[in-house]
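Enquirer: I'd like to go over a predicted model; first the sequence, then the structure.
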Amino acid sequence: FTQTGSGTVTLRYIGTEASSGVTGAIFIEGAATLNGADYHSGGEQTYQGAVTLGNNVEVRTTNSAVTFGSTVNGWMYLTVDNGTGSTTVSGKIGEITPIRALHLVGRGAITLADAIVDETIDVRGEDGGIRLTGSTYSSGWSQTHTGPVTLEADTVFTTDRSEEHTSELQSPDHLVCRLL
């Protein structure tokens, strides 16, 4: 499935599992509103423009990369589960509207820019590691980063109601954890 050009694409769903979704890749060049719950593919998924969550969304691939090239907004849950594929979120999550919860799960490398989330941030990059390229990771409840974590900037983790947990920080030159 490929969409190119300007304008916003509104997607209701793409399968409920890889076998009933798109067997190849999904590529959205412009802005996208994800109004369905399931976006499953056998190949890579790329959302180059700004993404708005219109529903709780699960993006799943069969060991392929998932890329969000711009911002992700909308007061909903976002889950990405892509086996050994990498996950890259280049834009700020919650820049305009915080999302409710963020769950990134995979055995491939995970790269995450800034995130403002109402409830929880759960990033599990056990095998490929986690690269945090932003400077602010804010959540209302808790943050869990499981796997080797590399910080690429002065980084502040802020939670309102719980503790922040990290493991195996590989470049903790400028780490500040704050419980409000």
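Expert: Structure's in. What do you need?

Enquirer: so where's the longest strand in this protein?
Expert: Ordering each strand of the chain by length in residues (DSSP state E) puts strand 115-124 first.

Enquirer: what's the spacing between Trp75 and Ile26?
Expert: Distance of Trp75 to Ile26, given as C-beta to C-beta, to the nearest Å: 24 Å. For the C-beta atoms, the positions are set from N, CA and C on the backbone; glycine is no exception.

Enquirer: hmm, back to that, need the next SSE after the longest strand of the chain, C-terminal direction.
Expert: strand 130-132 (DSSP states H and E).

Enquirer: just checking, what packs against that next one?
Expert: The contact analysis (3 or more C-beta pairs under 8 Å, 6 or more residues apart in numbering; DSSP states H and E) places strand 130-132 against strand 110-112, strand 149-151.

Enquirer: and the last one, how far from the chain's centre?
Expert: It stands for strand 149-151. Relative to the centre of its chain, strand 149-151 is centred 16 Å away, using C-alpha atoms, centre = their mean, to the nearest Å.

Enquirer: Thr33 against Asn55, yeah?
Expert: No - look at Thr33 against Asn55 with C-beta atoms under 8 Å: they stay out of range, at 9.4 Å.

Enquirer: returning to what we had before: so which of Trp75 and Ile26 has more stuff around it?
Expert: Higher neighbour count among Trp75 and Ile26: Ile26, with 25 against 11, using other C-beta atoms under 10 Å.

Enquirer: Asp114 is in contact with Thr136, isn't it?
Expert: Yes - if you go by C-beta under 8 Å, Asp114 and Thr136 touch, sitting 4.9 Å apart.

Enquirer: Where does the prediction get shaky in the chain?
Expert: Scanning the chain for pLDDT under 70 picks out 1-22, 161-180.

Enquirer: Repeat the analysis, applying 80 as the threshold.
Expert: Applying pLDDT under 80 to the chain flags residues 1-24, 126, 160-180.

Enquirer: Contact partners for Arg107?
Expert: 83-84, 125-128 (C-beta atoms under 8 Å, 6 or more residues apart in numbering).

Enquirer: wait, Gly49
Expert: Shown in contact with Gly49 (C-beta under 8 Å, 6+ apart): 8, 28-32, 69-70.
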